[in-house]
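In: sequence plus predicted model, see below.
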Amino acid sequence: MEGYLGSYAVLGLVLAAGVLLFVAAFGANRLLRPGRPAEPAGKRISYESGIDPVGGDWAQAQIRYYVYAYLYVLFAVEAVFLFPWAVIFDRPGFGGLSIAEMGIFVAVLALGILYAWRKKILSWT
Amino acid sequence: MTSFVTAATAVDPTLETFENDIWWIVLIKLVGVFALLLLLTLFTINYERKVVARMAVRPGPNQVGPKGWLQSLTDGLKLPFKEEIIPKTADKVVYFIAPVISATTAFTAFSVMPFGGVVNMFGHQTALQLTDVPVSVLVLLACSSMSVYGVVLAGWASGSTYPLLGGLRSSAQMISYEVAMGLSIVAVFMTAGTMSTSQIVAAQASGDPVQLFGFEVTAPGWYAVQLLPSFIIYMIAAVGETNRAPFDLPEAESELVGGFHTEYSSFKFALFFLAEYINMITVSAFCTTLFLGGWRAPAPITTFWEGANSGYWPLLWFFGKVLILLFGFIWLRATLPRMRYDQFMRFGWKVLIPVSLVWILFLAFFKVARSGAISDTTRWVTTGVVAVLVLAIAWGWPSPKKPKQLSIEEELHQRPPGSFPVPPMDLQVPPSPRVRRAVAERDPVSKEV
């Protein structure tokens, strides 16, 4: 593939090929699987170890899960700045100052996880 | 002449190599990667079952094909013939999309994996790698982030309790360990100075010469040795990221039936299964690329055999390393019990991530100090200040409060009203008269019992 963006075009090609392959395979699956299976009562209720399902999926989720998502956002933002920095930090002209700056940046983010730690949301009750 | 040079030594691809690929070479490599991944998955499933069986001292699959090696193929072929049961409460569109996301992202991740150097493929010079971009490692990380969508959407779309819980658990686990994984890779960027996978492999080709006791020694080029803490953190995070034992909490059978794919059947279930195994292969191949020298032969081989890294030979070294890492995964599964979820998350957030952050900053300081970019006084002053700070924190760290040890009377007193009556601790139970009689009849010597 030609040009600088050609290498990225291949990635798009892989993605497209993947989707195409699996959709084609779904088509094959449609042809191969039983056409008119029996429909006994209760066949399409959700599985709950053989007993009648209690309630649905609209339950109150534990707050702890979304706290992890927040923390993830914190570190995802950190990675956005940390990755490019890691590639070039030891090139001539950056020196010790770039490390001091990144140290301060990481320390500020570390305060975030320290806060979560102190608030005891990382340990379950 | 060019082909002669390629035959003798390894030729590292540059980013231009991939820009000059002709379209049908790209197509051949694309089909090759897909075929390779499907075959590797079939092999790995059997490999896992055989190794686990061996470790549990039982035969394992041995019926289908030579020595049972076609077992996973027949299992895979069986699945599309199965009836598909979609629960009434399911969200049909999302239910359909979720496995496609899982499997597609798993395949895409492999497109930037370097299997070898530049080879001669039907008269054209091309690298044994589908494509490479300046940020290929980010492509890999993006794919593993996207696969979280497959899991959480599958759990949500099933409209059932167990899959929902499994999906939530899994997404929390995967994003947590992804952070640790990303931070462990930063050290590799810092040492290699690039994010392209082929260039990272090239950077590990040879180590720096080091003066050791007056001798000039070549330090090992593998980042697994140079950056050992990163390597260990990466390995732990990889097991957490792929939901494998001992971190297989999303599909803990005894708690959640099958986790997020409980309600999936037929071919859609097969896709999740495929994605799980491809992810395992991907993190192993990624680890080989980042830390174990990629497709280059291990150290002593190139000393005896100059051409070990030329032509198609790198495939052998690459897949050899991948299979050893996969064995590690299987070994863990056969050996360790499943971890508790809160302990597992605590380990990720309170140990792996802080250790990674400190290690990155230490490494950055070490590298810049060694390169001579800062003066000696600055170096010693900074080292001193950091050492004093670390000692101060270690000294002033609050020790955990120990819970007060209660006496038995106090514990009994604290029990809520209506609890079961508890016998006193010094209760002496008199021996049963029947036992005394039986013992006396059996053993005429010990009459005094």
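Out: Received, thanks.
In: phi first, then psi, for whatever residue of chain A ends up closest to chain B.
Out: Per CB to the nearest CB, residue A:46 is where chain A lies closest to chain B, at 3.3 Å. Using the backbone N, CA and C atoms, a C-beta is placed for each residue, glycine as well. Dihedral angles of residue A:46 (phi, psi; degrees, to the nearest 10) stand at phi -70, psi 160.
In: do residue B:63 as well
Out: With angles defined as degrees, to the nearest 10, residue B:63 sits at phi -100, psi -50.
In: tally of neighbours for it?
Out: Residue B:63: 10 surrounding residues under other CB atoms under 10 Å in any protein chain shown.
In: which pLDDT does the model give the nearest residue to it once chain neighbours are set aside?
Out: Nearest non-adjacent residue to residue B:63, counting by CB to CB, 6 or more residues apart in numbering or on different chains: residue B:71, 7.3 Å away. Looking at residue B:71, its pLDDT reads 89.
In: residue contacts, residue B:71?
Out: B:45-46, B:49, B:61, B:63-65 (CB atoms under 8 Å, 6 or more residues apart in numbering or on different chains).
In: now the residue of chain A closest to chain B, nearest residue through space, not along the chain?
Out: residue B:160 (3.3 Å).
In: any idea how far the one you found is from residue B:252?
Out: 16 Å (CB to CB, to the nearest Å).
In: more neighbours, those two?
Out: Ranked by neighbour count (other CB under 10 Å), residue B:160 and residue B:252 place residue B:160 first, with 24 against 16.
In: wouldn't the more buried one be in contact with residue B:87 here?
Out: Yes - here residue B:160 reaches residue B:87: they are 6.0 Å apart, a contact under CB atoms under 8 Å.
In: mind listing the shared neighbours of these two?
Out: Counting by CB under 8 Å, 6+ apart, the residues touching both residue B:160 and residue B:87 are A:46-47, B:263.
In: can I get these in TSV with neighbour count?
Out: Converted to TSV, the shared contacts of residue B:160 and residue B:87 look like this (neighbours: other CB atoms under 10 Å in any protein chain shown):
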residue	neighbour count
A:46	20
A:47	18
B:263	26
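In: circling back to that earlier point, who touches the residue of chain A closest to chain B in this structure?
Out: A:53, A:57, B:87-89, B:158-161, B:263.
In: can we see that at 10 Å?
Out: Contacts for residue A:46 (CB atoms under 10 Å, 6 or more residues apart in numbering or on different chains) come out as A:53, A:56-57, B:87-90, B:158-164, B:262-263.
In: now list the buried members of these.
Out: Neighbour-count burial (16 or more other CB atoms under 10 Å in any protein chain shown) is assigned, among those, to A:53, A:57, B:87, B:89-90, B:158-164, B:262-263.
In: you'd agree residue B:257 is up against residue A:47?
Out: Yes - in this structure, residue B:257 is within contact of residue A:47 by CB atoms under 10 Å, at 6.6 Å.
In: tell me where chain B has strands.
Out: With strands called from DSSP state E, chain B shows them at B:118-121, B:124-127, B:209-212, B:215-218.
In: the first one pairs with which strands?
Out: Spelled out, it's strand B:118-121. strand B:124-127 (antiparallel) (DSSP bridges).
In: restrict the strand it pairs with to CA atoms and write it as CSV.
Out: Provided in CSV are the C-alpha atoms of strand B:124-127 (Å, rounded to 0.1, in the frame of the first residue of the first chain):
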residue,chain,number,x,y,z
HIS,B,124,9.1,-9.1,-3.9
GLN,B,125,11.0,-7.8,-0.8
THR,B,126,8.5,-7.6,2.0
ALA,B,127,8.4,-7.8,5.7
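In: tell me the buried residues in it?
Out: Applying a neighbour-count criterion of 16+ other CB under 10 Å, one finds B:125-127 buried in strand B:124-127.
In: out of those residues, which one sits closest to residue B:116?
Out: Closest approach between the buried residues of strand B:124-127 and residue B:116, by CB to CB: residue B:127, at 7.3 Å.
In: which residues touch residue B:143?
Out: When contacts are counted by CB under 10 Å, 6+ apart, residue B:143 is found next to A:11, A:15, B:104-112, B:279, B:282.
In: give me the neighbour count for the residue nearest to it when sequence neighbours are not counted.
Out: Spatial nearest neighbour of residue B:143, chain neighbours left out: residue B:109 (3.8 Å); criterion: CB to CB, 6+ apart. Neighbourhood size, residue B:109 [other CB under 10 Å]: 26.
In: report pLDDT for residue B:109.
Out: Looking at residue B:109, its pLDDT is 87.
In: cool, and residue B:309?
Out: On the pLDDT scale, residue B:309 gets 76.
In: you'd agree it is up against residue B:205?
Out: Yes - if you go by CB under 10 Å, residue B:309 and residue B:205 touch, sitting 8.6 Å apart.
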